[in-house]
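1. Model the structure of this input:
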Amino acid sequence: MKDKIVRATAANGGIRLVALLTTESSLEAKKRHGLSYLTTCIIGRAFSASLLLASSMKIMHGRVTLRVRSDGPLKGLLVDAGRDGKVRGYVGNPNLELDLVKTNNKYSFNFTKALGTGYLNVIRDSGSGEPFTSTVELVNGNIAEDLASYLYHSEQTPSAVFIGEKIQNKNLICSGGLLAQVLPKKDTDPLLVSLLEERCKEINSFSEDLFQSKGNLLSLIRNIFPDIDDKSISEKARSQEVSFMCKCSKQRSLNAMKMLDKSELEDILNKEGEAELVCEFCKNKYLINYEEIKSMIEDSS
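-> Residues are numbered from 1 along each chain as shown. As a prediction, this is how the structure comes out:
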């Protein structure tokens, strides 16, 4: 089933609801980066978080970048997501695997130990003017609570964030998230905030709810807010595809090489005769041959 985003509202437009699947995108990242089970789940959570944030941007070319800088063995992560549903990213230590932790008779991944202590940096780029940057301390590394902390401290928006995944028979079965927010013009209404809190308390295991929904995101939303406003959002805006996609290209690689000094280009030409550039986001490889490097040197003279 293809990844997608579904939007809805509830309480007469007072609460915004966004649900999404990032299963296929996470599996694509796993294949490209050789991710472990743990890091596949972490990148899936980061994909969900960044796409949930990007979903509220008004322009289709708007982008959100999430960066984690911390002292954990994951060695950080970087994810870039667009309002258009395109997402990409990588982690510092793709092979990381840790022992599971037992909580309430259930075993789960040790996200807290993987990320350690540090900061979540969020960059919102609308495509015009300077990007808006904000940083918050990591709460516990499970991404959902870290994102909720960002929304509370940086955007002062009453929000509930749920992100999870399901692994079965050593395969990632589903990955996704849900964001419920009291809209800015309504955020002073204590009844809406109370409604949001009460409805979200009914979620005992989002990962299980996501799995049971079998990809029906509208059903997932209705389990929490049965009184959604079906007609409040246009059909075009209500549903949108999500996919792993990188913006890298041979031309971008050539442009990056042109940033090097003439002496550095000559050194590469004399020692290697060519250069291979690897995109950190998707692991695509671009070969810059002898003639192309020679042309760069001539242009810089």
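2. remind me which residues of the stretch 151-300 of the chain are low pLDDT?
-> Along the stretch 151-300 of the chain, segments meeting pLDDT under 70 span 185-188, 230-237.
3. Do a quick rundown of the helices in it.
-> Here the stretch 151-300 of the chain has its helices, by DSSP state H, counting those that start in this stretch, at 190-200, 206-213, 217-224, 235-238, 250-257, 262-271, 290-300.
4. distance between the longest helix along the chain and the chain's centre?
-> Taking DSSP state H as the criterion, the chain has its longest helix at helix 37-54. How far helix 37-54 lies from its chain's middle: 4 Å, per CA atoms, centre = their mean, to the nearest Å.
5. Save the helices of the stretch 151-300 of the chain as CSV, and put in distance to residue 31 and mean neighbour count too.
-> C-beta coordinates here come from the backbone N, C-alpha and C atoms, glycine included. As requested, the helices of the stretch 151-300 of the chain are exported to CSV (distance: least, CB to CB, whole Å; neighbours: other CB atoms under 10 Å):
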stretch, distance to residue 31, mean neighbour count
helix 190-200, 34, 15
helix 206-213, 22, 18
helix 217-224, 24, 19
helix 235-238, 30, 10
helix 250-257, 21, 14
helix 262-271, 30, 13
helix 290-300, 29, 14
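6. Show me the one of those helices that comes nearest residue 92.
-> Closest to residue 92 of the helices of the stretch 151-300 of the chain is helix 250-257 (CB to CB; 20.8 Å).
7. Contacts made by the closest one with the rest, please.
-> Helix 250-257 is contacted from outside by 265, 275, 277, 286, 288, 292-293, 296, using CB atoms under 8 Å, 6 or more residues apart in numbering.
8. Can you give me the buried ones in stretch 50-66?
-> Buried residues in stretch 50-66, counting neighbours by 16 or more other CB atoms under 10 Å, are found at 50-57, 62-66.
9. mind pulling up the phi and psi values for residue 134?
-> Dihedral pair for residue 134: phi -140, psi 150, per degrees, to the nearest 10.
10. do you know how far the closest residue to it other than its chain neighbours is from residue 66?
-> Distances taken as CB to CB, 6 or more residues apart in numbering put residue 154 closest to residue 134, at 4.0 Å, once the chain neighbours are dropped. According to CB to CB, to the nearest Å, residue 154 and residue 66 sit 13 Å apart.
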